[in-house]
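1. below is the sequence, then the predicted model.
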Amino acid sequence: MSQYSRLKKYHSFFRFKHDFEQYSLKKARSYEIIIHWLHSKMNRTQFLMLSGILVGTAAGLGGVILKMLVHYIHYVITYKVHFSTQVIFYILFPFLGIVLTVLIVIWFFKGESRKGIPAILYEIAQNSSLVPRIKMYSQILQSAVTVGLGGSAGLESPIAVTGAAIGSNYARTYHLGYKERTLLLAAGATAGIAAAFNAPIAGMMFAFEILLTGVVFSDFIPLILAAVCGSLLSKVILQEDVLFHFQSRQPFNYHNLPYYIMLAILCGLYARYFVIISQRVEHFFHGLRWGKLQKAMLGGVIISLLCVIMPPLFGEGYQSVKLLVNGDAGNIIEHSLLRHLPLQNWIIIVFAGSVCLLKVFATAVTIQSGGNGGNFAPSLFAGGFLGYFFAMVCQQAGMNDVPVVNLVIVGMAGVMSGVLYAPLTAIFLIAESSSGYDLFIPLMLVSTISFLIGKWFSPISPDLKELAAAGKIFTREHDRNILSMLKIENLIETDVQQINIDASLRQLVELVKQGRRNMVAVVNHQQFLEGIITLEDIRPIMFNPALYDTVGVKELMKAPPAVIHPEDSAAFVMQKLDETHVWNLPVVGHNRLLGFISKSGILNRYRQLLQEYSND
């Protein structure tokens with residue numbers, strides 16, 4: 001009997017393969033046929049678990065490849081290429097990194113340069129979690145060139161975008177719905193972050209805090225499986241010097257709480273400085289009426305000069321943070337312009353403080369001038385140097401038993417929490433990367449205070465503020481999230497009654513007799529909207545035939561209480577409907593009447609989305 005069942009399964013599979021190849025729109029790869037067949041045999045939960053493993057493995061591998069590629073580029077330009085003076089090294093490679101990245105975008109990706117986590121959040125809210133296929137590899141290539149050659153940015157955002165694109169396109173290939181597609185998009189990003197840091201819990205926290213904000217889910221197992229797969233690949237393939245990992249630290253002592261509280265406030269204020277400078281650099285480059293290549297050359301020159309002045313700004317900078325943790329700050333200063341001065345504490349303090357202040361400039365210029373990268377690594381880097389700067393100042397002030405290494409480690413979490421608005425991600429990332437679970441109390445304290453200071457200045461992450469205000473990404477306001485998924489152009493009712501502005505009351509009454517609506521649009525000969533007429537407006541005179549030929553439409557019409565445009569958001573339309581206390585408003589494009597939009601139509605579609613949104 002078991003043999004018969006086995007033969008039946010084989011027959012079922014080969015019949016499915018034959019039918020799939022015969023009737024599908026395109027011939028699929030053999031592994032896709034197998035997964036399609038498994039999809040037809042598994043229930044939803046089982047297939048999502050399998051998908052979490054596959055997406056997590058692919059996204060984790062993408063993260064590992066990017067890390068190895070950047071590490072190899074660093075190795076080649078550091079050990080295989082020799083310069084008579086180190087200055088030429090720092091002048092040449094950062095400039096080449098940004099310029100080559102822009103050339104790659106222009107030549108191979110048709111100038112498409114949308115990047116970063118905000119772009120993924122936009123796809124989730126506005127494009128049904130459909131991420132362009134090109135992002136499965138474009139981010140790896142661009143960020144490898146930018147950061148590998150010395151651009152002062154991080155690899156984690158490109159890794160997360162790559163993983164998100166892999167998860168989204170996997171779900172699209174196997175015809176999964178919006179919820180499943182969003183879940184696997186998040187799973188891919190989770191695996192990428194887990195692989196970048198060998199920190200699976202931090203990867204999951206990143207998905208929950210940033211990507212899935214405002215999205216309700218009960219399917220956590222695929223995320224867990226994806227995080228495990230990404231972290232395992234990282235641990236098996238990547239070497240210790242590639243990973244952001246360090247062991248050296250001091251035991252937590254509650255007597256040091258005042259240090260951590262002061263550091264937390266400093267981290268929160270520095271995070272605000274980081275955000276403001278980033279925005280000003282962004283506005284500067286956006287305001288330049290230059291071509292992409294010209295901006296890249298300007299950015300390359302600035303980054304090269306900054307790296308000459310402060311070599312730790314070269315690349316991600318994780319190696320410099322490791323040296324700080326190991327108490328070897330002198331080794332960092334040896335390669336800077338301060339190497340000719342005697343190594344004294346005040347020199348170290350000036351150096352660390354200068355690196356903190358300049359890092360944000362270097363990162364913002366790298367990204368805004370055309371390079372590819374994110375603020376993930378720069379915030380960690382800046383936090384480490386800020387913690388070291390604070391510790392050295394405390395020592396110079398005569399304070400005893402300053403936990404220097406712990407302040408460096410905890411400072412990374414504090415600045416990252418304040419910059420990215422992701423305290424849980426920061427806490428678990430540093431705890432996992434340093435095996436510092438005994439530092440959970442100071443990590444939680446510093447990250448939370450820094451996050452709250454940032455929220456006090458701006459309730460929404462400044463990187464996302466513009467998109468959130470326009471209703472183009474999800475926030476924690478679930479009602480607004482559902483409204484943002486509604487497209488006004490799909491809700492316009494075109495079967496409207498309209499009448500020419502020169503018509504008489506008689507013609508209007510005849511039109512009303514044949515119609516079903518209580519509102520008539522008044523237009524001119526060019527179909528431009530002139531006004532509206534409601535049944536309430538004409539009810540007192542519509543039963544008086546003596547007025548039919550003496551009263552015209554022009555005398556009866558009135559201006560609409562508000563006018564809607566196709567590009568308006570659903571939240572804005574609902575606000576106008578509520579403010580004007582009406583159920584219908586005209587929609588106008590280029591002054592021409594396109595139709596009406598009704599509150600009942602929006603509410604009906606809202607209810608449909610709410611059912612889909614809430615259904616597991």
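-> Nice, I can see it. This is a predicted model, so every value here is computed, not measured.

2. and the strands in this structure, which stretches?
-> For the chain, the strands defined by DSSP state E cover 498-500, 519-523, 529-534, 584-589, 592-598.

3. count the residues that sit near the residue lying closest to residue 593 once chain neighbours are set aside.
-> Once flanking residues are discounted, residue 593 sits nearest to residue 529: 4.6 Å by Cβ to Cβ, 6 or more residues apart in numbering. Just so you know, the C-beta spots here come from the backbone N, C-alpha and C atoms, and that holds for glycine as well. Using other Cβ atoms under 10 Å, the number of residues around residue 529 comes to 21.

4. ok, now which ones touch residue 529?
-> Neighbouring residues of residue 529 by Cβ atoms under 8 Å, 6 or more residues apart in numbering: 521, 522, 523, 560, 563, 586, 588, 591, 592, 593.

5. wait, isn't the second one in contact with residue 532?
-> Right, the one you point to is residue 522. Yes: Residue 522 is within contact range of residue 532, at 6.4 Å (criterion: Cβ atoms under 8 Å).

6. those two: which has the busier surroundings?
-> Taking neighbours as other Cβ under 10 Å, residue 522 and residue 532 compare with residue 522 leading, 25 against 22.

7. roughly how far does the more buried one sit from residue 369?
-> According to Cβ to Cβ, to the nearest Å, residue 522 and residue 369 sit 53 Å apart.

8. residue 457 too?
-> According to Cβ to Cβ, residue 457 and residue 369 sit 26 Å apart.

9. who's more crowded, these two?
-> Comparing residue 457 with residue 369 by neighbour count (other Cβ under 10 Å), the higher total belongs to residue 369, at 28 against 14.

10. distance of the residue nearest to residue 593 relative to residue 321?
-> Taken as Cβ to Cβ, the span from residue 529 to residue 321 is 62 Å.

11. got it, and residue 498?
-> Counting by Cβ to Cβ - residue 498 and residue 321 are separated by 67 Å.

12. do the same with residue 75
-> With distances taken as Cβ to Cβ, residue 75 is found 19 Å from residue 321.

13. so the two - more neighbours on which side?
-> Shown here are residue 75 and residue 321; by other Cβ under 10 Å, residue 321 has more neighbours (27 against 11).

14. need the pLDDT of that one.
-> Residue 321 carries a pLDDT value of 83.

15. got a list of what the closest residue in space to it that isn't next to it in sequence touches?
-> Once flanking residues are discounted, residue 321 sits nearest to residue 384: 4.0 Å by Cβ to Cβ, 6+ apart. By Cβ under 8 Å, 6+ apart, the contact list for residue 384 reads 320, 321, 324, 325, 408, 409, 411, 412.

16. where is pLDDT lowest across those residues?
-> Minimum pLDDT across these falls on residue 325, with 77.

17. and the helices in the stretch 51-200 of the chain?
-> For the stretch 51-200 of the chain, applying DSSP state H, counting those that start in this stretch gives helices covering 86-108, 117-126, 138-148, 156-173, 178-197, 200-206.

18. can you check which of these gets nearest to residue 599?
-> Nearest to residue 599, of all those, is helix 117-126, at 22.4 Å by Cβ to Cβ.

19. any idea of the mean pLDDT in that closest one?
-> Averaging pLDDT along helix 117-126 yields 85.

20. what's that helix in contact with?
-> For helix 117-126, the external contacting residues (Cβ under 8 Å, 6+ apart) are 129-131, 157, 160-161, 164, 168, 182, 185, 189, 210-211, 213, 215, 374, 463-464, 467, 472-474, 481, 484-485.

21. tell me how far the residue minimising distance to the centre of the chain lies from residue 210.
-> By Cα atoms, centre = their mean, the chain has its centre lying nearest to residue 117, at 1.8 Å. According to Cβ to Cβ, residue 117 and residue 210 sit 6 Å apart.

22. re earlier: now the strands of the chain in JSON lines, with mean pLDDT and distance to residue 390?
-> Putting the strands of the chain into JSON lines (pLDDT from 0 to 100; distance: least, Cβ to Cβ, whole Å) gives the following:
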{"stretch": "strand 498-500", "mean pLDDT": "85", "distance to residue 390": "69"}
{"stretch": "strand 519-523", "mean pLDDT": "85", "distance to residue 390": "66"}
{"stretch": "strand 529-534", "mean pLDDT": "84", "distance to residue 390": "63"}
{"stretch": "strand 584-589", "mean pLDDT": "87", "distance to residue 390": "56"}
{"stretch": "strand 592-598", "mean pLDDT": "85", "distance to residue 390": "56"}
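
23. hey, which of those is tucked in deepest?
-> Comparing these on average neighbours per residue, with mean count of other Cβ atoms under 10 Å, the densest one is strand 519-523 at a mean of 22.
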